[in-house]
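Novice: Test case, fold it:
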Amino acid sequence: MSYDLEELYSVYRWIEDPFSEEGRKRFKSACNAFNKILSHEWVRNIVNSRDEITIMDVCGGTGIASIALAKTILNIDRNKTLRVVIVDLRKSALEIAKQFSKRELGIEAETYVKDVRELYKLGIKADIAVLWGRSTPHFSPWDLVKLYANVAMCLNEKGIFIVEEYDRVYSVFLTRGYKEFLFEGEPEENPVITIHADHDYITGYIKRIAYDLSTGKRVTMNVYFWDIASSAAFLWMFFKDIDFIPRKESKVWGFIVARHPRKELRPEDIAFGTPRIIQYRLFLR
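Specialist: The predicted structure follows:
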C-alpha cells in the first residue's frame, strides 16, 4: 500500500513539500486555521489544562498539520512541552516531516511508517489527533470505521480529534455531476486526467485511473466521496460529542471536532443522544 501511495502522488501531485513556495503557503494556511480552531472551547480547554501535550498526526505526510498546530500552540504559550507524532505509509514524506519539525519547532517529530487502521499497535496515548488534507477519500466506509476506532483508542479520556473535511456530495454530485473523464491538473505544470474505471458496491470504492499527460505515467486509485454529515456521523459512534467549524471561504469545507472518545460502545448512548453538530439545526425546525 505504501508503494501504491508513492505511485499515486507521483502522478496525482499534491502540495505537501513545506520547503517549497506553494507548500509554505499551505503551511501558513494551516496555521491560520488552527488559530481559529484553538478558539473553540473544547480545543482551548484541553490545551489550557495541560503543560505537556501529545499531538498525533494521522495520515500525516510531511507533517504540515501537526507542525502548524504545535507552532500555533507555542505562539500562545512558549512554556508548553509538545510531543509531535506523525504516522503515514510513505517513508519519504516522513523524512521531510522530521526536517521540517526541526526547523519550525526546534524538535524532531516522532515518525512511524504504519497503516493507520492499526494505530493502536503503537501504544501511544495522545491529547489531540488530527486528520488533515481532506484525506478521507482514501478510505472506504469499512476502513474509515477502523481508522476512527483506532484514533479513539489512541486518545486520552478527554482527547480531541480534528478532521479537515469537505462535502463531496455537494461539490461533486450536486454541483457538477460525476464525470467519467476529468482534467485534474494545471495545463502546463501538472497535466493530469482521471478516467472512471469501476465501482465496487461492497467496499463502496470508485476506481479511477490517473494519467500524467507529460510523462505517460498512469496509476489506479480507489476513492470514496465522503460528505461532512457521513464523516461526522461515523465519528459520533466513537466520540461522545461532535461539532463543526466551517472555513471562512466555504460552507462545505471545514473541521469536524470530536471530543471524549467512547471507551465503551453502548447503543443507548447513540439512540438517546444528540451531538452538538446538529442540535442547532434541530432547534430551527
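Novice: Break this protein down into its domains, please.
Specialist: 2-167+226-284, 170-223 (automatic domain parsing).
Novice: now the first one, how far from the chain's geometric center?
Specialist: Right, domain 2-167+226-284. Chain-centre distance of domain 2-167+226-284: 5 Å, with C-alpha atoms, centre = their mean, to the nearest Å.
Novice: now the helices: where do they sit in the protein?
Specialist: Ranges of helices within the chain are 2-11, 21-37, 41-48, 64-76, 91-105, 141-154, 168, 228-236, 267-271, 276-284, based on DSSP state H.
Novice: For stretch 239-252, C-alpha coordinates in PDB please.
Specialist: Extracted in PDB, the C-alpha atoms of stretch 239-252 (Å, rounded to 0.1, in the frame of the first residue of the first chain):
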ATOM      1  CA  PHE A 239     -16.800  10.000  20.400                       C
ATOM      2  CA  LYS A 240     -19.200  11.500  22.900                       C
ATOM      3  CA  ASP A 241     -19.800  14.800  21.100                       C
ATOM      4  CA  ILE A 242     -19.200  16.300  17.700                       C
ATOM      5  CA  ASP A 243     -19.000  19.900  16.400                       C
ATOM      6  CA  PHE A 244     -18.100  21.600  13.100                       C
ATOM      7  CA  ILE A 245     -16.000  24.700  12.400                       C
ATOM      8  CA  PRO A 246     -16.600  25.900   8.800                       C
ATOM      9  CA  ARG A 247     -13.800  27.500   6.900                       C
ATOM     10  CA  LYS A 248     -14.400  31.200   6.300                       C
ATOM     11  CA  GLU A 249     -14.300  30.800   2.500                       C
ATOM     12  CA  SER A 250     -16.700  27.800   2.100                       C
ATOM     13  CA  LYS A 251     -19.700  26.400   3.900                       C
ATOM     14  CA  VAL A 252     -18.900  22.900   2.600                       C
END
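Novice: Pull out the buried residues from that stretch.
Specialist: Phe239, Asp241, Ile242, Asp243, Phe244, Ile245, Arg247, Val252 (16 or more other C-beta atoms under 10 Å). For the C-beta atoms, the positions are set from N, CA and C on the backbone; glycine is no exception.
Novice: pLDDT wise, what is the spatially closest residue to Glu7 that is not a sequence neighbour at?
Specialist: Nearest residue to Glu7 in three dimensions, chain neighbours excluded: Val219, at 4.7 Å (C-beta to C-beta, 6 or more residues apart in numbering). You'll see Val219 listed with a pLDDT of 89.
Novice: what do you get for Leu8?
Specialist: Note for Leu8: predicted pLDDT of 76.
Novice: My guess is it contacts Val219. True?
Specialist: Yes - the criterion here is C-beta atoms under 8 Å, and Leu8 meets it with Val219 at 5.2 Å.
Novice: Find residues that contact each of those two.
Specialist: The contact sets of Leu8 and Val219 overlap at Ala210 (C-beta atoms under 8 Å, 6 or more residues apart in numbering).
Novice: what about the residue nearest to Glu7, neighbour count?
Specialist: Residues lying near Val219 (other C-beta atoms under 10 Å) number 19.
Novice: Reformat the buried residues of stretch 239-252 as JSON lines; add pLDDT and distance to Asn45.
Specialist: What follows is the buried residues of stretch 239-252, written out as JSON lines (pLDDT from 0 to 100; distance: C-beta to C-beta, whole Å):
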{"residue": "Phe239", "pLDDT": "98", "distance to Asn45": "15"}
{"residue": "Asp241", "pLDDT": "97", "distance to Asn45": "13"}
{"residue": "Ile242", "pLDDT": "98", "distance to Asn45": "16"}
{"residue": "Asp243", "pLDDT": "97", "distance to Asn45": "13"}
{"residue": "Phe244", "pLDDT": "96", "distance to Asn45": "18"}
{"residue": "Ile245", "pLDDT": "96", "distance to Asn45": "15"}
{"residue": "Arg247", "pLDDT": "90", "distance to Asn45": "22"}
{"residue": "Val252", "pLDDT": "92", "distance to Asn45": "28"}
